[in-house]
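# Requesting a structural model of the entry that follows:
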Amino acid sequence: MSETEPSTFLSHLVELRSRLIRSVVAIVVVFILLAGFSAEIYQLVATPLMELLPRQSAMIATEVAAPFLTPFKLTFFVAIYLAMPYVLLQCWLFVSPGLYEQEKHLALPLFVTSVILFYAGTLFALLVVSPLLYAFFNATAPEGVLVMPDISRFLDFIIKLAFGFGLAFEVPVITFLAVKTGLVGIATLREKRPYIIIAAFVFGMLLTPPDVVSQLLLAIPVLLLFEISLFLSARIIPQKSGERHSESG
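Numbering: from 1, shown residues only. A predicted model of the protein is given here:
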């Protein structure tokens with residue numbers, strides 16, 4: 001090991017520490033700015049779903065500190081959500097000096113696309129999937145059962161659903177990278193489609209609340225995004241002659 005390697009490694013650690021501190025400070029600053037509106041933020045998220053509850057029903061708190069802590073917990077995750085572009089920018093600034101010029105041309109559009117897809121996935125979960133799930137659960141409640149969700153469980157449900165869909169919407173970026181780097185060919189992905197379908201449902205089971213409906217609502221968009229990314233990859237990325245031959249055959 002040369003003498004410059006330890007100093008280079010140390011400088012990378014210092015740079016990483018600096019980027020992490022900036023990211024944490026950004027999240028804390030956003031949280032402090034939003035903390036005074038924590039009740040309003042919780043109301044903004046919860047109201048559309050509370051309107052789907054039966055007329056005589058309401059949300060409840062089964063823990064003593066839940067009415068105070070739950071809105072702050074949601075506000076903290078909203079702060080992370082809003083600060084995420086800055087956090088990801090810090091990640092990009094840390095990694096980009098080590099990339100070649102041609103890699104930067106590919107990495108930056110993929111970085112921006114991944115951020116947009118993550119936000120699209122979380123918004124889809126909050127605006128489309130959550131109301132559908134709540135309406136379905138309320139409609140299928142047994143006779144005599146009054147649906148009264150606990151606010152802490154409600155928040156955990158929303159966060160898990162939003163995070164799961166945010167990750168699921170990264171499928172096009174992951175597929176494109178796998179094909180572009182030569183890790184797997186397009187023809188191979190098409191041959192392995194049955195396994196990918198199974199993996200999508202397993203993915204939905206792990207990243208959504210434990211019910212079949214939410215798993216289906218996650219697995220189906222994942223499969224659609226996979227097919228779209230496969231279609232686009234086949235037309236954007238040059239294929240090897242053997243792969244073209246196997247697809248034409």
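
# CA atoms for contacts and neighbours, from now on please.
Fine.

# which helix is the longest one in this structure?
With secondary structure taken from DSSP state H, the chain has its longest helix at helix 4-35.

# State the mean pLDDT of it.
Across helix 4-35, pLDDT averages out at 85.

# wait, what's in contact with the residue sitting nearest the centre point of the chain?
Nearest to the geometric centre of the chain sits G166, at 1.9 Å (CA atoms, centre = their mean). Applying CA atoms under 8 Å, 6 or more residues apart in numbering, we find G166 in contact with L117, F118, Y119, A120, G121, T122.

# make it 6 Å
Taking CA atoms under 6 Å, 6 or more residues apart in numbering, we find G166 in contact with F118, G121, T122.

# Inside helices: which ones of these?
Reading helices off the contacts of G166 with DSSP H, I get F118, G121, T122.

# element containing the residue nearest to the centre of the chain, please.
helix 151-168 (DSSP states H and E).

# Show me which residues of that helix are buried.
Neighbour counts over helix 151-168 (16 or more other CA atoms under 10 Å) mark 151-152, 155, 158-168 as buried.

# so how far is it from its chain's centroid?
10 Å (CA atoms, centre = their mean, to the nearest Å).

# likewise stretch 216-232?
That offset, for stretch 216-232, works out to 15 Å (CA atoms, centre = their mean).

# State the mean pLDDT of it.
83.

# swap in stretch 112-132?
Per-residue scores along stretch 112-132 average to 86.

# Send me that stretch as CSV with only the CA atoms.
Output of stretch 112-132 as CSV, limited to C-alpha atoms (Å, rounded to 0.1, in the frame of the first residue of the first chain):
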residue,chain,number,x,y,z
VAL,A,112,-32.8,12.4,-11.5
THR,A,113,-35.1,9.7,-12.9
SER,A,114,-34.8,7.6,-9.7
VAL,A,115,-35.7,10.6,-7.5
ILE,A,116,-38.8,11.4,-9.7
LEU,A,117,-39.9,7.7,-9.7
PHE,A,118,-39.5,7.5,-5.9
TYR,A,119,-41.7,10.6,-5.5
ALA,A,120,-44.2,9.3,-8.1
GLY,A,121,-44.4,6.0,-6.2
THR,A,122,-45.1,7.6,-2.8
LEU,A,123,-47.7,10.0,-4.3
PHE,A,124,-49.4,7.0,-6.0
ALA,A,125,-49.5,5.2,-2.7
LEU,A,126,-50.9,8.2,-0.8
LEU,A,127,-53.4,9.5,-3.4
VAL,A,128,-54.6,6.3,-5.1
VAL,A,129,-53.7,3.1,-3.2
SER,A,130,-54.5,4.3,0.4
PRO,A,131,-58.0,5.5,-0.3
LEU,A,132,-58.8,2.3,-2.3
